[in-house]
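K.L.:
output the structure for:
(one chain, ligands or ions: 3)
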Amino acid sequence: MSTVIAEGVIHVTNDCKACDHCTSICPTGAISGMLGQKHHIDPRLCVNCGQCLINCPFGAISDASSVEMVRQALNDSTKIVVVQEAPAVRVALGEEFGLAPGTNVKNKMYAALRKLGFDRVYDTEFTADLTIMEEGTELIHRVFNALGVEGFESSGPLPQFTSCCPAWIKYAEDKYPHILPHISSAKSPQQMFGPVAKTYGAMKLNVDPEDMIVVSVMPCTAKKYECDRPEMIASGFKDVDYVITTRELAEMIKADGIDFLNLADEDADKFIGLSTGAATIFGATGGVMEAALRTAYEILSEEKLDKVEFEAVRGLAPVREATVEIPVKALGTKLPVHVCVVTGLKYVDSVIEDVLAGRSTYHFIEVMNCPGGCINGGGQPIRRDTY
Ligand code: SF4
Ligand code: SF4
Ligand code: SF4
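P.N.:
Ligands and ions are numbered 1, 2, ... in the order given. Below is the predicted model:
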């Protein structure tokens, strides 16, 4: 087990002013300390989400950094360093350079990554497409198996929970191990990208995967924990070597004196830099659910989905539910799919307890730790002006 997991990603520094604000933010009760005393984080309870970090009024909470290791890899001529960036990064990075929140700087980001020395600039949206296909297909199998439709083996009980938020996964493992068979077996987009890059990508580039370093740029501090999980070695190597946050990418760009705002737009590299664009909504709460439902809709109805929007799963309420009617061509009927979206671990306990007690009527439940989804993740720019 890695040092990062054993010690946790998030730490309270000696700058702590003991104001106690973070204890009201933490969704898991991992922070302890009396008013007037330096606070502490229990790594066994902490899910590494970084919400305390971005909400500490005194900047007294920090996250473990791999920036120096990334710099060393970029300076090592024997290594091919490839990078992926999550959808929520491109709409937040510009804030660090004075642009309005939400400005999409995707093409300047690609250009900046090349200037920093990355050999190949890919995009997590490629593997977010794979996650959507896996989760949507797995849901179809679970629903059809429960209905007794022939040819659909059980891949787990209903409801199916999403699996792409590592903070949610650690929370479930720590507090509700009996819920684990309900969680999708699909890896997160970040962790699908690693083995794809070190197998298919390495083959296409004619590179020994041992000489490939995979770096992720994420809106999320929990992704640092996720990439260090000991089982994440599907390629035969550590699938994702290092994770840096949106904030850390901005620091690297500034440290190198790159004139970010005046960079000419560039595109991602081909093969695993392309995507359908469906995964762009992954960064907002309800986005994973909506993308997976769209996949299930197209597979089951055997129709191309041009216009149908699943607006019922959008919004910012911490728990939202909806029923989506999906036409199933093979059965000649419409299937009502009951879905639930939870944003914030503080709100998931009652949803889980209903499932474990057999009271839940949902088929599919999305859980994301951060309020509003990854767009407000613990690795995003900190808006100190709000204090
Ligand atoms: S919010 Fe920051 S300053 Fe206040 S107790 Fe927590 S770590 Fe310390
Ligand atoms: S990182 Fe998240 S879980 Fe850990 S102490 Fe901070 S708010 Fe709590
Ligand atoms: S909601 Fe997104 S940013 Fe927040 S912990 Fe989960 S994966 Fe990370």
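K.L.:
which parts of the stretch 151-300 of the chain are helices?
P.N.:
Taking DSSP state H, counting those that start in this stretch as the criterion, the stretch 151-300 of the chain carries its helices at 166-175, 189-196, 202-205, 222-227, 246-255, 287-301.
K.L.:
out of these, flag the one nearest ligand 1.
P.N.:
helix 246-255 (16.8 Å; CB to the nearest ligand atom). C-beta: built from backbone N, CA, C; applies to glycine.
K.L.:
do the closest one and ligand 3 meet?
P.N.:
No - counting by CB under 6 Å from any ligand atom, ligand 3 has no neighbours in helix 246-255; the shortest distance is 10.1 Å.
K.L.:
for the residue in the stretch 151-300 of the chain that ligand 1 sits nearest to, which non-adjacent residue is spatially closest?
P.N.:
Residue nearest to ligand 1 within the stretch 151-300 of the chain: Thr221 (14.8 Å; CB to the nearest ligand atom). Nearest residue to Thr221 in three dimensions, chain neighbours excluded: Gly50, at 3.5 Å (CB to CB, 6 or more residues apart in numbering).
K.L.:
what does Thr162 give?
P.N.:
Counting by CB to CB, 6+ apart, the residue nearest Thr162 is Glu366, at 4.6 Å.
K.L.:
same question, Lys198
P.N.:
Ser235 (3.6 Å).
K.L.:
what sits against that neighbour?
P.N.:
194-195, 197-199, 209 (CB atoms under 8 Å, 6 or more residues apart in numbering).
K.L.:
give me that answer again for 10 Å
P.N.:
Neighbour list for Ser235: 194-202, 209, 212, 214 [criterion: CB atoms under 10 Å, 6 or more residues apart in numbering].
K.L.:
quick check, nearest of these to Val319?
P.N.:
Gly194 (32.1 Å; CB to CB).
K.L.:
backbone dihedrals for the residue nearest to the closest one when sequence neighbours are not counted, please?
P.N.:
Closest residue to Gly194 apart from its sequence neighbours, by CB to CB, 6+ apart: Asp239 at 2.8 Å. Main-chain torsions, Asp239, degrees, to the nearest 10: phi -70, psi -50.
K.L.:
circling back to that earlier point, surely the residue nearest to Thr221 touches Ala167?
P.N.:
Yes - Gly50 lies in contact with Ala167 (CB atoms under 10 Å); the separation is 8.8 Å.
K.L.:
okay, and the common contacts of those two?
P.N.:
Contacts common to Gly50 and Ala167, judged by CB under 10 Å, 6+ apart, are 220-223, 369-370, 377-378.
K.L.:
packing partners of whatever helix or strand Ser350 lives in?
P.N.:
For Ser350, the element it lies in under DSSP states H and E is helix 349-356. With contacts defined as 3 or more CB pairs under 10 Å, 6 or more residues apart in numbering; DSSP states H and E, helix 349-356 has these neighbours: strand 160-161, helix 166-175, strand 319-328, strand 333-343, strand 364-368.
K.L.:
the last one close to ligand 2?
P.N.:
No - with CB under 6 Å from any ligand atom as the measure, strand 364-368 is seen stopping short of ligand 2, the closest distance being 13.1 Å.
K.L.:
before we move on, the earlier item: what pLDDT is listed against the residue nearest to Lys198?
P.N.:
As predicted, Ser235 sits at a pLDDT of 95.
K.L.:
repeat that for the one 3 residues further on.
P.N.:
What the model reports as pLDDT for Lys238 is 98.
K.L.:
which non-adjacent residue is nearest it?
P.N.:
That would be Met232: by CB to CB, 6+ apart, it lies 7.0 Å from Lys238.
K.L.:
ok, now which ones touch the closest residue to Gln191 other than its chain neighbours?
P.N.:
With sequence-adjacent residues excluded and distances taken as CB to CB, 6+ apart, Gln191 is closest to Met232, at 5.6 Å. Applying CB under 10 Å, 6+ apart to Met232 gives the contacts 187-188, 190-191, 194-195, 226, 238-240.
K.L.:
widest-spaced pair of those residues?
P.N.:
Ser188 and Lys238 (15.4 Å).
K.L.:
report how many residues lie close to Gly378.
P.N.:
Residues near Gly378, counting by other CB atoms under 10 Å, number 30.
K.L.:
how close does the closest residue to it other than its chain neighbours sit to ligand 1?
P.N.:
Closest residue to Gly378 apart from its sequence neighbours, by CB to CB, 6+ apart: Gly50 at 1.8 Å. From Gly50 across to ligand 1, the span is 12 Å (CB to the nearest ligand atom, to the nearest Å).
K.L.:
against Val149, how distant is the spatially most distant residue from the centre of the chain?
P.N.:
Distance from the C-alpha centroid of the chain, by CA atoms, centre = their mean, peaks at Gly332 (36.3 Å). Remark: distance between Gly332 and Val149 (CB to CB, to the nearest Å) = 12 Å.
K.L.:
please apply the same query to Leu293.
P.N.:
For Leu293 relative to Val149 (CB to CB), the value is 19 Å.
K.L.:
and this protein, what are its domains?
P.N.:
Following automatic domain parsing, one finds the domains of the chain at 3-63, 67-127+188-262, 142-185+284-375.
K.L.:
elements contacting the longest helix that the chain contains?
P.N.:
Counting residues, the longest helix found in the chain (DSSP state H) is helix 125-147. Packed against helix 125-147 by the contact rule (3+ CB pairs under 10 Å, 6+ apart) you find strand 80-85, helix 87-90, strand 160-161, helix 189-196, helix 287-301, strand 319-328, strand 333-343, strand 364-368.
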